[in-house]
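# got a structure for you, letters missing:
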């Protein structure tokens, strides 16, 4: 189900600007673990985690729901690409949730294009 809530605080912050207050809420972390400390922490990787160590599919992107990060009971949605263009494609997919991700049961998907055919379960 979807819940629409008003946004009453800054919508985006850099990974280096995240505070303890931010960590009391669910996250959407955009950017791979090679460039985003929050993504690396959510994926339980040592920052920076680049290339194969990133767990991001080579030449693609992933959208992954991580339970219990930043705290128990919270979730982080990781949107991370092998390259920045892959991350942008995954962001486009997430923005088009209703048409591209509706019905997906996997907690992680590989994104190769912003089409239904370009999204596969990981």
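Thanks, I have it. The structure presented is a predicted model; accordingly, all values stated were derived computationally and were not measured. Numbering: from 1, shown residues only.
# counting contacts, what elements does the lengthiest helix in the chain pack onto?
The longest helix of the chain (DSSP state H) is helix 84-95. The helices and strands touching helix 84-95, judged by 3 or more Cβ pairs under 8 Å, 6 or more residues apart in numbering; DSSP states H and E, are strand 27-30, strand 61-67, strand 75-81, strand 108-111. C-beta coordinates here come from the backbone N, C-alpha and C atoms, glycine included.
# who touches it?
Residues outside helix 84-95 that contact it (Cβ atoms under 8 Å, 6 or more residues apart in numbering): 28, 30-32, 56, 59-63, 77, 79-81, 100-101, 111-114, 118-119.
# what about that helix, average pLDDT?
Per-residue pLDDT over helix 84-95 has a mean of 96.
# Please state the offset of that helix from the chain centre?
Averaging C-alpha positions (Cα atoms, centre = their mean, to the nearest Å) puts helix 84-95 10 Å from its chain's average.
# before we move on, back to that, give me the buried subset of the contacts of helix 84-95.
30-32, 56, 60-63, 79-81, 100-101, 111-112, 114, 118-119 (16 or more other Cβ atoms under 10 Å).
# Give the buried residues for the worst-scoring helix or strand of the chain on mean pLDDT.
Ranked by mean pLDDT, DSSP states H and E, the weakest helix or strand in the chain is helix 97-100, scoring a mean of 91. Neighbour-count burial for helix 97-100 flags residue 100 (criterion: 16+ other Cβ under 10 Å).
# next one: it to chain centre, how far?
That offset, for helix 97-100, works out to 16 Å (Cα atoms, centre = their mean).
# average pLDDT across stretch 45-63?
On average, stretch 45-63 scores 98.
# residues making contact with that stretch?
32-35, 37, 40-41, 43, 77-83, 86-87, 89-90, 93-94, 101, 108-112, 122.
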